[in-house]
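Undergrad: With the sequence up front, the predicted model follows.
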Amino acid sequence: MKFLGFLLAFVLLAAPASVYDFKLKTIDGDDFSLAKYKGKKILVVNTASKCGYTKQYADLQKLSDLYKDKLVIVGFPANNFGGQEPGSNADIKQFCSDLFSVKFPMSGKVSVKGDDIAPLFKYLTEAENPDFKGEIKWNFEKFLLDENGKLIHRYRSATVPLDPAITSKI
């Protein structure tokens, strides 16, 4: 019984308290944390270069430019859906820059579902929010976090970045 209490305490202590607790890598391989964006809303987006929704990169950059004082967009390339993000981090960075002039932060490639799901996405897909929980269904799902890193809304892929459902929350 004592061991179970210790194990439960360990699990509770080890569980992340917010998105700021995750250690991440930039697309260039440098360490970073979402904590650097405290005080701004954050839009986390799982992205892919060969998807029908890839054109959303352009609107994500527009959204980033429009709300740069209040919002940070962070793209997370993932190859979980139909092999639509097959390139290396360098390939992805070049693609985003050349075709869409992406300037918002991009992470290194991650997995957003399955046994190898990145801890941040496990956390986000299980977090309470007014929309829904559960596995990501496709590329370009969006997670809107408030200024304190709390998930406030989640949007499916078909919700475009400049949709009032998103912009009204910024």
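TA: Received the coordinates, thanks.

Undergrad: CA atoms only for stretch 112-129, dumped as CSV, please.
TA: Provided in CSV are the C-alpha atoms of stretch 112-129 (Å, rounded to 0.1, in the frame of the first residue of the first chain):
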residue,chain,number,x,y,z
VAL,A,112,1.1,13.7,-33.2
LYS,A,113,-0.6,10.3,-32.7
GLY,A,114,0.2,6.7,-32.1
ASP,A,115,2.6,4.9,-29.8
ASP,A,116,5.3,7.5,-30.5
ILE,A,117,3.2,10.6,-30.0
ALA,A,118,5.1,13.6,-28.8
PRO,A,119,4.4,14.3,-25.1
LEU,A,120,3.1,17.8,-25.9
PHE,A,121,0.5,16.4,-28.3
LYS,A,122,-0.5,13.6,-25.9
TYR,A,123,-1.1,16.4,-23.3
LEU,A,124,-3.0,18.6,-25.8
THR,A,125,-5.3,15.8,-27.1
GLU,A,126,-6.2,14.9,-23.5
ALA,A,127,-6.6,18.4,-22.1
GLU,A,128,-10.0,19.7,-21.2
ASN,A,129,-11.4,22.3,-23.5
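
Undergrad: May I see the buried residues of it?
TA: Within stretch 112-129, the residues that count as buried by 16 or more other Cβ atoms under 10 Å are V112, K113, I117, A118, L120, F121, Y123, L124, T125, A127. Yep, even glycine has a C-beta here, placed from its N, CA and C like the rest.

Undergrad: wait, is the fifth one part of a strand?
TA: No: the secondary structure assignment for L120 gives helix rather than a strand, going by DSSP: H, G, I helix; E, B strand; the rest coil.

Undergrad: For N80, see how far away it is.
TA: Taking Cβ to Cβ, to the nearest Å as the measure, L120 and N80 are separated by 14 Å.

Undergrad: Right, I'll leave it there.
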